[in-house]
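[1] Give me the fold of what follows.
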Amino acid sequence: MAQDNIDPYLVQFAPDDKENPKNWSRRRRWYLTYFAGLLGFNATFASSAPSGIATQLMAQFKLSEEVAALTISLFVAGYCVGPLFWGPLSEQVGQLSSWNKIFLTRVIFLVTFPVYVCFQVGCALSKNTASIIVFRLLGGLFAAAPLTNSGALISDIWDAKTRGKALALFTLAPFVGPALGPLVGGYIAQSGTPWPWLFWVLTIFAAVCFVLIYFTLPETYAPIVLLHRAKQLRLETGDERYHAPLELVQQKQLHKRLEDSLARPFKILICEPMLIAVTAYMSFVYGCVYLLFEAYPVVFTGGHTFSARYFATFRTQIVFIFALGDLGLTYLPLVAGSILGVFGYLLIFHPQYEAAMDRHKAGLVSPEIRLNLAMSGAPLFAITFFWFGWTSYPSISYWAPMMAGALMGLSSIWIFVRTFFHFCIDVYLIAAASALAANTVFRSAAGAVFPLFASQMYTALDPRWASTLLGCIACMMIPIPIVLKRYGPTLRARSRFAPALV
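    As a prediction, this is how the structure comes out:
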């Protein structure tokens with residue numbers, strides 16, 4: 001409870017303390033891991049689901065294709081602001097004396113999720129273009145909370161050796177959620193159900209998650225758990241000398257803390273060539289995933305006439321529009337590939353990482369070992385675009401471009417999550433939250449922008465040359481993990497934010 005050689009009244013965890021979140025039962029920790037993945041899936045599923053009802057929205061509100069795409073882009077744009085707000089808030093609020101009695105992890109979820117639910121209701125009840133666009137933007141802002149804080153929850157309850165397995169499930173959300181969203185939205189549209197029901201489904205999903213948060217999510221942030229233990233000891237013993245490590249932190253005004261937290265991610269990004277390279281690559285990969293929601297309709301309805309029919313008149317011309325139910329099935333290989341990517345990591349790479357940790361018991365494993373998987377995934381990601389583009393001819397079976405999605409899912413997982421995400425954590429350690437916040441802002445911006453030009457690019461250049469352009473850009477990025485593998489130790493030695501290995 002206390003370390004006598006340092007401070008007999010400093011409250012800390014004993015090695016086998018059952019109140020330490022990392023010592024909770026495995027069943028409880030795996031439940032929280034699955035639950036964190038569900039929360040992340042909820043947010044990313046909601047980001048792309050309106051693409052399935054795009055034709056109904058265009059007919060209802062007289063929207064252009066570009067404005068209809070904003071229902072996805074602006075939701076993802078909310079992810080740009082959220083990580084800079086909810087992450088720093090979760091770190092800073094707990095250090096303010098007036099908030100000391102609040103469970104920190106819980107309060108962020110308990111505050112953001114009801115508001116998120118309300119904005120889903122707002123979308124369902126929208127009567128004009130402005131309202132649905134604004135509600136989607138604000139919904140994305142509050143949906144960023146589970147994306148930002150669920151990963152922190154997992155880090156709170158698992159040690160470094162096991163954390164990779166736990167994060168494997170959670171990190172499927174950025175790929176599985178957006179891929180399944182159009183499938184559900186498309187079948188709602190194809191069944192003839194009014195478009196607001198999609199948002200009612202999202203509302204129910206989010207409300208169920210909120211109920212589970214309220215009843216099953218405990219506090220997992222160890223400093224706050226110790227803070228509550230210190231308060232309880234003071235109450236039981238009457239001795240005011242008991243204190244938690246968090247209470248020793250020098251107090252600052254809230255606006256000063258938020259100012260420091262909001263500025264730090266960008267300071268790190270500007271000063272760190274490694275982070276710039278990783279952010280550029282991850283932003284491109286993330287943007288390409290959302291680009292598919294506009295590229296797939298061009299390929300599979302224009303070339304392969306998936307569920308094609310005349311649906312509406314737009315701009316005084318008969319427009320060839322499709323029911324997205326069957327089209328949503330084309331995203332399933334992306335889901336399957338993402339799952340295969342996780343299994344590939346668990347079966348092949350993670351055992352290698354565990355063995356490396358066992359060999360380096362006296363110190364830390366070099367972060368560059370994380371890059372091995374990206375060195376394999378980067379060429380596969382580039383191949384995906386050439387495969388998808390040059391098999392998109394109507395004379396070729398639609399199975400050929402569809403299965404390219406499986407390779408994209410697998411390679412994206414290997415690059416995006418299983419390599420660079422962990423690489424940033426291992427390199428920057430105590431500054432990892434800020435590094436990932438800057439990374440999240442820019443990759444979310446890419447996810448918001450790419451769908452806005454995807455349809456025009458695939459129509460103007462045709463799917464072959466549009467995909468070739470993206471494939472060439474992907475080829476240009478193949479050397480990034482190779483260069484970081486070779487020069488990473490040198491760059492880390494010169495870094496102001498990467499601690500030296502011991």
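[2] Enumerate the positions of stretch 448-458 that are buried.
    The neighbour-count check on stretch 448-458 (16 or more other CB atoms under 10 Å) flags 448, 449, 450, 451, 452, 454, 455, 457, 458 as buried. For glycine as for every other residue, the C-beta is placed from the backbone atoms N, C-alpha and C.
[3] Turn those residues into JSON lines, columns for secondary structure, pLDDT and distance to residue 356.
    Supplementary listing: these in JSON lines, determined by DSSP: H, G, I helix; E, B strand; the rest coil; pLDDT from 0 to 100; distance: CB to CB, whole Å:
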{"residue": "448", "secondary structure": "helix", "pLDDT": "84", "distance to residue 356": "37"}
{"residue": "449", "secondary structure": "helix", "pLDDT": "88", "distance to residue 356": "38"}
{"residue": "450", "secondary structure": "helix", "pLDDT": "89", "distance to residue 356": "36"}
{"residue": "451", "secondary structure": "helix", "pLDDT": "84", "distance to residue 356": "39"}
{"residue": "452", "secondary structure": "helix", "pLDDT": "83", "distance to residue 356": "42"}
{"residue": "454", "secondary structure": "helix", "pLDDT": "86", "distance to residue 356": "40"}
{"residue": "455", "secondary structure": "helix", "pLDDT": "84", "distance to residue 356": "45"}
{"residue": "457", "secondary structure": "helix", "pLDDT": "91", "distance to residue 356": "42"}
{"residue": "458", "secondary structure": "helix", "pLDDT": "90", "distance to residue 356": "43"}
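[4] ok, these vs residue 340, which is closest?
    Proximity to residue 340 was ranked across the buried residues of stretch 448-458 by CB to CB; first place goes to residue 450, at 24.0 Å.
[5] Just give me the neighbour total for the residue nearest to residue 296 when sequence neighbours are not counted.
    On the basis of CB to CB, 6 or more residues apart in numbering, the spatially nearest residue to residue 296 that is not a chain neighbour turns out to be residue 330, at 5.6 Å. A total of 25 residues lie near residue 330 under the criterion other CB atoms under 10 Å.
[6] repeat for residue 18
    Neighbour count of residue 18, defined by other CB under 10 Å: 9.
[7] what's near enough to touch it?
    With contacts taken as CB atoms under 8 Å, 6 or more residues apart in numbering, residue 18 has the following neighbours: residue 24.
[8] secondary structure class for it?
    coil (DSSP: H, G, I helix; E, B strand; the rest coil).
[9] so where's the stretch 351-500 of the chain shaky on pLDDT?
    Scanning the stretch 351-500 of the chain for pLDDT under 70 picks out the ranges 361-364, 417-418, 429-430, 433, 500.
[10] returning to what we had before: pretty sure the residue nearest to residue 296 is touching residue 405, no?
    Yes: in this structure, residue 330 sits in contact with residue 405. The criterion is CB atoms under 8 Å, and the distance is 7.1 Å.
[11] What are the contacting residues of stretch 455-474?
    The set of residues that contact stretch 455-474 without belonging to it, under CB under 8 Å, 6+ apart, is 65, 69, 284, 288, 291, 294-295, 297-299, 303, 378, 381-386, 388-390, 392-393.
[12] In helices, which of these fall?
    65, 69, 284, 288, 291, 294-295, 297-299, 378, 381-386, 388-390 (DSSP state H).
[13] Which strands or helices does the helix or strand hosting residue 490 pack on?
    Element membership for residue 490, per DSSP states H and E: helix 479-494. Helix 479-494 is packed against helix 273-302, helix 372-390, helix 422-428, with contacts defined by 3 or more CB pairs under 8 Å, 6 or more residues apart in numbering; DSSP states H and E.
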